[in-house]
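**Q** heads up, no residue letters with this:
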Ligand SMILES: Nc1ncnc2c1ncn2[C@@H]1O[C@H](COP(=O)(O)OP(=O)(O)O)[C@@H](O)[C@H]1O
Ligand code: SF4
Ligand SMILES: [Mg+2]
């Protein structure tokens, strides 16, 4: 990715006392592209850096389609065609896992990184019992001296089910005999069976009813506190994330646009997009994120984006926003990628639009060369290289 | 258990309906078997007398009683396997004629159906697992090629090359003319040699269906969350491919397999025809072309009943394969 003109600041965690501790996960310059056999390529994750300290519980929020799952899959090395990790390093516990393959990668998953998927409905094999599921995992990672017979599998399964508040009698059940919440708990217990040091929860409660959502979230929070694993909680619901996590990364159009401690985010965001999310959170009944008052949709991820991806929808947008992608820079207690806020270091504006703010640039005609959608500059991509910010 | 009871009830009802339909249809059809038989005699130039008509009516067992007692008699005939005599083989009963042809078809078509299913499914699993790779292309291209042959055409080709030109295999029949069917090694060996070409024809042309069906199912199940989750948990790829993907991909194919097992008894009219094989497919052809109503009716009955029985057995087997239907 030709981003050399505006390299993003490495999104090292916000300055914290423990910052000297070596990170458990350090991903740098992660780019993921979907390359379908037919149709256009989609640049779903763009130059993302993620650093997680051991034991940290981090949220990843953003509208549906902004690349959260793709990033989660990339970090756990679960991308499958047509998705491809185009570039980037992923250091897990000091070891670059981005190039591991086959058995080497498979072995890393014991005591390594796990992924809990969104739809509890379908993450269990319909023709295998819960005990089979435990057995399959435990046997696959058998090390010398271990023996996984029926009795051992049942014992370990009982222990793990207990961790997620499920009864051992579930061991002989098939997935279709369990409720959605039970299935998601079983998935979590299965993920725990390898004693991972990092778990990525991809919308773990989205498919559940409200009561089950609350209960499963509580279990996740308790487990994280007791076991101390590092976790990323992916959700489109900022409210859920703020209640559970220490830090929140906000994603928009494949980029991390803000990264703040949860506590300071409650008091106000720095990026206009996060502010919009916070306003939605204020309405607890909102099922999905509707950016109240901000028209438009996220940009088409098959295009190269020249300026700030939020420009067409941003009430603060200025000329520079269309031309330069703002770097993720220190702002407040964390990081934010916004030209206007970085310059003014202004306090977040709640509700009303400050007098200095210009109309969305869509209405300006200052730049005669601006393409129809001013925020986007579609550039030649003939050689397959994304080009940004070429003026 | 409820599932099984439901299936048993359904089986009994459909069986009754099918058998009754087999009774009703010939009676609803225009024209009568007697007229057909008389027309046949007339076409040879003979004059038709009333005595002749009466003789044929007696021979065909044309009923003069009311429809209810006919229906009762029909059921009695089914349980006593009494289907009368056919015109095509007037010296033997229909039951005897069918009984002679049945084993040939069951062995030939049954074994090739099973072999084609097993081999096709394994190839489909392999191709689906290696989708987009060289192994997948090889299997897909091969299956497309062989699947494109019309069965009778492939049969004629094999017959011409391997039997007529090079004389490796016999030209026709299920065994050497003159031999008496028996379970002795020389006869069985003779029968096997005779069955190789028709079996190859059937297997080659039906294989591709199983390959493509299984490959598709496999690709679908590989996209399921439980496969992704299994991989995320670091299961061995062999476990994922077989116990997670293929095991689930098999389910829809089992139903299709039941249907084709049921169709076995119908034989393969074209292939048995090409090889003059002494099976039910050939018999069906003879019955239809001779307007041989008694034989036809009995054949349709046998075919329908075995279709229903096969579907029933597969339904029961399905209980073992898919826990979701166990209730
Ligand atoms: N299988 C796929 N093929 C092509 N594009 C995809 C595929 N999956 C996701 N994408 C693209 O990647 C973008 C990010 O998707 P995703 O990571 O699932 O978003 P999120 O989890 O934030 O809802 C989507 O906007 C979509 O366009
Ligand atoms: S850089 Fe400009 S367009 Fe982007 S969020 Fe900041 S003010 Fe809005
Ligand atoms: Mg998602």
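**A** That came in fine, so what should we check first? Predicted model, so just to flag it, every value in this text is computed and none were measured. Ligands and ions are numbered 1, 2, ... in the order given.
**Q** which sections of the stretch 1-150 of chain A are below the confidence cut-off?
**A** Residues of the stretch 1-150 of chain A meeting the criterion pLDDT under 70: A:1-20, A:119-121.
**Q** Near ligand 1, which residues of it? Just list them.
**A** The stretch 1-150 of chain A has residues A:34, A:36, A:42, A:44, A:62, A:64-70, A:82 near ligand 1, with proximity defined as Cβ under 6 Å from any ligand atom. Just so you know, the C-beta spots here come from the backbone N, C-alpha and C atoms, and that holds for glycine as well.
**Q** at 5 Å what do you get?
**A** A:34, A:42, A:44, A:64, A:65, A:66, A:67, A:68, A:69, A:70 (Cβ under 5 Å from any ligand atom).
**Q** correct me, but the fourth one touches residue A:235?
**A** Which is residue A:64. No: using Cβ atoms under 8 Å, residue A:64 is not in contact with residue A:235, being 10.5 Å away.
**Q** ok, the two, which is more surrounded?
**A** residue A:235 (25 against 12; other Cβ atoms under 10 Å in any protein chain shown).
**Q** Wait, that one touches residue A:241, no?
**A** Yes: Residue A:235 is within contact range of residue A:241, at 5.1 Å (criterion: Cβ under 8 Å).
**Q** Can you pull the residues that touch both of those two?
**A** Residues touching both residue A:235 and residue A:241 by Cβ atoms under 8 Å, 6 or more residues apart in numbering or on different chains: A:59, A:60, A:61.
**Q** pLDDT weak spots in chain B?
**A** In chain B, residues with pLDDT under 70: B:29-31, B:33, B:59-64, B:267, B:327.
**Q** and the residue of it nearest chain A?
**A** residue B:234 (3.4 Å; Cβ to the nearest Cβ).
**Q** list the contacts for that residue?
**A** So residue B:234 contacts A:106, A:107, A:108, A:109, A:110, A:137, A:140, A:141, A:194 (Cβ under 8 Å, 6+ apart).
**Q** among those, which two are most distant?
**A** Across the contacts of residue B:234, no pair lies farther apart than A:108 and A:137, at 14.4 Å, counting by Cβ to Cβ.
**Q** Which helix or strand contains the residue lying farthest from the centre of chain A?
**A** Distance from the centre of chain A peaks at residue A:151, with 38.1 Å (Cα atoms, centre = their mean). If you go by DSSP states H and E, residue A:151 is part of helix A:150-163.
**Q** Output the contacting helices and strands for that helix.
**A** Under the contact definition 3 or more Cβ pairs under 8 Å, 6 or more residues apart in numbering or on different chains; DSSP states H and E, helix A:150-163 sits against helix A:130-140, helix A:180-192.
**Q** how about the shortest one against chain B, any contact?
**A** To tie it back to what came earlier, the one meant is helix A:130-140. Yes: Helix A:130-140 reaches chain B (Cβ under 8 Å from any Cβ of the partner chain) through A:136, A:137, A:140.
**Q** still on that earlier bit, neighbour count: residue A:108 and residue A:137, which is higher?
**A** Neighbours were tallied for residue A:108 and for residue A:137 using other Cβ under 10 Å; the higher tally belongs to residue A:137 (25 against 18).
**Q** got a list of what residue A:190 touches?
**A** A:133, A:134, A:137, A:160, B:229, B:233.
**Q** out of these, who's nearest ligand 2?
**A** Ligand 2 lies nearest to residue B:229 out of the contacts of residue A:190, by Cβ to the nearest ligand atom, at 36.3 Å.
**Q** Which helix or which strand is home to the nearest residue to that closest one once chain neighbours are set aside?
**A** Once flanking residues are discounted, residue B:229 sits nearest to residue A:123: 4.4 Å by Cβ to Cβ, 6 or more residues apart in numbering or on different chains. According to DSSP H and E, residue A:123 maps onto no helix or strand at all.
**Q** Surely residue A:123 and residue A:117 touch.
**A** Yes: contact status for residue A:123 versus residue A:117: in contact at 4.9 Å, counting by Cβ under 8 Å.
**Q** Show me whatever sits in contact with both of those two.
**A** By Cβ under 8 Å, 6+ apart, the residues touching both residue A:123 and residue A:117 are A:187, B:225, B:228, B:229.
**Q** and the first one, what does it touch?
**A** Right, the one you point to is residue A:187. A:116, A:117, A:120, A:123, A:124, B:229.
**Q** Which pair of those residues spans the longest distance?
**A** A:116 and A:124 (12.0 Å).
**Q** Please see if stretch A:82-90 touches chain B.
**A** No: figure legend: stretch A:82-90 not in contact with chain B (Cβ under 8 Å from any Cβ); closest approach 10.6 Å.
**Q** Give me the buried stretch members for that stretch, please.
**A** A:83, A:85, A:86, A:88, A:90 (16 or more other Cβ atoms under 10 Å in any protein chain shown).
**Q** check contacts around residue B:127.
**A** B:135, B:136, B:139, B:140, B:211, B:214, B:215, B:218.
**Q** 6 Å instead, please
**A** B:136, B:139, B:140, B:215 (Cβ atoms under 6 Å, 6 or more residues apart in numbering or on different chains).
**Q** quick one, what contacts the first one?
**A** Okay, so that is residue B:136. By Cβ under 6 Å, 6+ apart, the neighbours of residue B:136 are B:127, B:130.
**Q** tally of neighbours for the residue of chain B found nearest ligand 1?
**A** With Cβ to the nearest ligand atom, the shortest gap between chain B and ligand 1 falls at residue B:223, namely 9.3 Å. By the criterion of other Cβ under 10 Å, residue B:223 has 11 neighbours.
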